[in-house]
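Q: quick one: sequence and predicted model below, then my questions.
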Amino acid sequence: MPKLTPEQVAEAVKLYEAGMSTKTLGELYGIAQQSMWELLDRRITLRPSGAQNGADNIFYRGGKTAVRAVHEKTSRAIVRGDLIPQDCEVCGAAAYGDNHRRRSHAHHDDYSKPMEVRWLCPKCHHDWHRDHTAAPAA
């Protein structure tokens, strides 16, 4: 994911204050909407969202408890060897980096199916979430 320069951040703040959405700003600067939101939230008071709670929130995945349970189940499956990290299915980036640290993310299109994952590098994972919303956990 690209790192914004201080000038780009200042411009993004001005554009947001002029009415541009975090989604549009993220697309303009090539970063995820959530990343843009976090960048702006550290600098200014953000406008309230019209639908910021529960399933109407674009970042909703079934609630923190449901998501945590899915992530824990997935992590245990990786440790046991039931899930084997693979290279990024989008760009082909290596599953493992320096010192054998896992780089690919186990991405869930549907949180109600914790063992069904797609392997994505961090950049492709952020790109996916910029353009999609995962189905919530059951």
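A: Done, it's in.
Q: hey, let's count contacts and neighbours off CA atoms from now on
A: Fine.
Q: could you list the domains of the chain?
A: For the chain, automatic domain parsing gives the domain ranges 6-41, 54-131.
Q: could I get these as a markdown table with mean pLDDT and mean neighbour count?
A: Shown next, in a markdown table, are the domains of the chain (pLDDT from 0 to 100; neighbours: other CA atoms under 10 Å):
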| stretch | mean pLDDT | mean neighbour count |
| --- | --- | --- |
| domain 6-41 | 87 | 16 |
| domain 54-131 | 81 | 16 |
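Q: right, so of these, which gets closest to Arg47?
A: For the domains of the chain, distance to Arg47 was read as CA to CA. The smallest value, 8.9 Å, belongs to domain 6-41.
Q: so who does Arg130 touch?
A: Each residue near Arg130 by CA atoms under 8 Å, 6 or more residues apart in numbering is listed here: 31-34.
Q: kindly recompute the last result at 7 Å.
A: With contact set as CA atoms under 7 Å, 6 or more residues apart in numbering, Arg130 has these partners: 32-33.
Q: distance of the residue of the chain positioned farthest from its centre from Cys88?
A: Computed with CA atoms, centre = their mean, the residue of the chain farthest from its C-alpha average is Ala18, at 25.8 Å. Distance, Ala18 to Cys88, using CA to CA, to the nearest Å: 38 Å.
Q: please apply the same query to Asp98.
A: 16 Å.
Q: what of Arg102?
A: 11 Å.
Q: mutual contacts of the two, please.
A: With CA under 7 Å, 6+ apart, Arg102 and Cys88 have common neighbours Ala95.
Q: tell me which element Ala106 falls in.
A: strand 105-107 (DSSP states H and E).
Q: and the contacts of that strand?
A: 117-122.
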